[in-house]
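J.: Have a look at this prediction, sequence included:
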Amino acid sequence: MPDEASTMLVRSRGAPLVRARGVVKRINGRVILAGIDLAVGAGEIVTVIGPNGAGKTMLLRVLLGLERCEKGEASLAPGVRVGYMPQRLHVDETMPLPVRRFLALGGSVDRPAIAAVLDEVGAAGTIDAPIQRISGGEFQRVLLARALLRDPDLLVLDEPAQGVDVAGQSELFELIVKIRDRRGCGVLMVSHDLHLVMAATDTVLCINQHVCCTGRPEAVSRDPAYLALFGPRAAAQLAPYTHHHDHAHDVGGRVVTLVDAKDAHDRDNGHDHG
């Protein structure tokens, strides 16, 4: 288990936890990724969106070192711990496998640690349930718990709301924000729908093999490249949205209350409320 000092160093330094620069990837001569740039810092949530076949999952695989890029570079910061939540995970229906045993696979994790992380993701009641019998929403939370067991500096989530109803998706994305706020980790998410992740992301990267547009979700939703991919109807769905938070983030990604953030802003600009 890494010591607390090294964990704080990774999560507080200014360098990105993961970075891609000019990443190009082809398969059988077909371009999958063309010149992708991306960076995720501590305490930041970055979401990659795009239509099916846009190269989103391949980008994650390149960033995690599971695939090699032909040009450019992709790298994780030295010492960074990654918690990965895959888009799909098949569990044999005939294998008797309680959730606690599923989470203990591949490592020596004790029951208290498993119980604690299940409680954190709102799935405490599943600990002794057969994993094949829990609901889709519970299964996604268990997968999230699995990723958190490594106490990651960077959470990588590939379509984390897969197979979850709309109400459950909203709750899941709220949970991801709370985890980021509590742990100070960076989060890299993949989704096909900006509307669903709008309130749970700081930066959006919209790709379709290449980077179509990037920025704050509100700005991306109005970008002509986004409209060309998803249509004006998608933008209309986003129109009523406002990005509500009861906190802000300092330059190191740490959470501060809005009162503290305002006081810091006033001090920087020479205002004194005393």
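T.: Perfect, thanks for sending it.
J.: Low-confidence stretches in the protein?
T.: Scanning the chain with the threshold set as pLDDT under 70 gives 1-14, 232-274.
J.: buried set for stretch 208-219?
T.: Residues of stretch 208-219 classed as buried by neighbour count (16 or more other Cβ atoms under 10 Å): 208-209, 211-214, 217. For the C-beta atoms, the positions are set from N, CA and C on the backbone; glycine is no exception.
J.: if you look at those residues, which of them are in strands?
T.: 208, 211-214 (DSSP state E).
J.: Surely Arg26 and Met58 touch.
T.: No. With contact defined as Cβ atoms under 8 Å, Arg26 does not reach Met58; the gap is 10.4 Å.
J.: who's more crowded, the two?
T.: Taking other Cβ atoms under 10 Å, Arg26 and Met58 do not tie; Met58 has more neighbours (20 against 13).
J.: after the strand or helix carrying Val142, next one along is what?
T.: In this assignment (DSSP states H and E), Val142 forms part of helix 136-148. Remark: after helix 136-148, the chain's next helix or strand is strand 154-158, criterion DSSP H and E.
J.: Return the distance of that following strand from the chain's centre.
T.: 4 Å (Cα atoms, centre = their mean, to the nearest Å).
J.: List the neighbouring strands of it plus their orientation.
T.: strand 82-85 (parallel), strand 186-191 (parallel) (DSSP bridges).
J.: C-alpha coordinates for it, CSV please?
T.: Taking C-alpha atoms only, strand 154-158 is exported to CSV below (Å, rounded to 0.1, in the frame of the first residue of the first chain):
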residue,chain,number,x,y,z
LEU,A,154,-7.0,8.6,-11.5
LEU,A,155,-10.4,7.0,-12.1
VAL,A,156,-10.9,5.8,-15.7
LEU,A,157,-14.6,5.1,-16.4
ASP,A,158,-15.7,3.7,-19.7
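J.: Return the angle between stretch directions for the longest helix anywhere in the chain and strand 186-191.
T.: For the chain, the helix with the greatest residue count under DSSP state H is helix 166-183. Angle of helix 166-183 versus strand 186-191, following axes from the mean of the first three to the mean of the last three Cα atoms, to 10 degrees, is 160 degrees.
J.: which helices and strands does helix 166-183 pack with?
T.: strand 45-49, helix 136-148, strand 154-158, strand 186-191, helix 194-197 (3 or more Cβ pairs under 8 Å, 6 or more residues apart in numbering; DSSP states H and E).
J.: what's the angle between the helix holding Val142 and strand 154-158?
T.: Using the same axes, to 10 degrees: helix 136-148 against strand 154-158 is 150 degrees.
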